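Participant: Need coordinates for the following:
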Amino acid sequence: MNRIIEIVDSLLMKITINVIALMTITIIISVFLRYLFGISYVWVQELIVFMFIFTTFFGSVLAFRRGEHLSIDIFSIKFPDKAKKIINIFFDISILYLYWQVIKVSFKWINKVGNVVTPGIRIPMKYLYFILPLSAVFMIFYVVIDVYQRIKNCN
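Facilitator: Got it, this is the predicted structure:
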């Protein structure tokens with residue numbers, strides 16, 4: 001199981017880093033072309049937005065995995081360690097339920113509005129919208145692992 005987690009971690013990290021690098025290079029080239037030569041492409045701007053959205057959703061998954069996401073722990077600080085673990089498990093299960101609902105609703109949403117074509121790249125928006133349920137699947141994967149590890153460490 002640990003090997004699968006390591007593979008998924010590595011894959012997500014490499015993909016996200018490469019998309020960030022590609023986005024950075026694309027922005028630099030786009031700014032260079034626009035300000036030095038007056039050339040601007042709509043599809044390049046769309047691609048940059050798509051990459052930004054991708055890094056936001058998958059970056060949040062990676063942040064959760066590493067425990068670097070935002071959390072408000074003002075209530076759990078006042079409880080003993082055992083109670084903190086139970087509270088965290090409850091919050092993880094709540095997150096699990098939320099992301100399950102995101103997956104269910106997003107597929108319905110994509111089926112309804114996903115066939116609109118982008119003006120620049122001319123691809124259906126469903127490919128961009130699919131980032132939402134895909135990132136939710138990875139988040140559920142990591143939340144299940146987190147719950148399992150918290151329960152295992154409770155004993």
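
Participant: Excluding chain neighbours, give the residue nearest to residue 5 in space.
Facilitator: residue 145 (6.3 Å; C-beta to C-beta, 6 or more residues apart in numbering). Where you see a C-beta, it was placed from the backbone N, CA and C, and this is true even at glycine.

Participant: And for the helix or strand hosting the one you found, what's in contact with it?
Facilitator: Per DSSP states H and E: residue 145 is located in helix 131-154. The contact list for helix 131-154 (C-beta atoms under 8 Å, 6 or more residues apart in numbering) reads 5, 8, 12, 53-54, 57-58, 60-61, 64-65, 82, 85-86, 88-89, 92-93, 95-96, 99-100, 102-103, 106-107, 110.

Participant: any idea how far the residue of the chain most remote from its centre is from residue 55?
Facilitator: Going by C-alpha atoms, centre = their mean, the residue of the chain most distant from its centre is residue 37, 35.5 Å out. Noted for residue 37: a distance of 27 Å to residue 55, by C-beta to C-beta, to the nearest Å.

Participant: what are the ranges of the helices in the chain?
Facilitator: For the chain, the helices defined by DSSP state H cover 2-32, 42-65, 81-113, 126-129, 131-154.

Participant: could you dump those helices to TSV with distance to residue 120, mean neighbour count and mean pLDDT?
Facilitator: Listed next are those as TSV, based on distance: least, C-beta to C-beta, whole Å; neighbours: other C-beta atoms under 10 Å; pLDDT from 0 to 100:
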stretch	distance to residue 120	mean neighbour count	mean pLDDT
helix 2-32	12	13	94
helix 42-65	3	17	92
helix 81-113	18	14	90
helix 126-129	12	16	91
helix 131-154	18	16	90
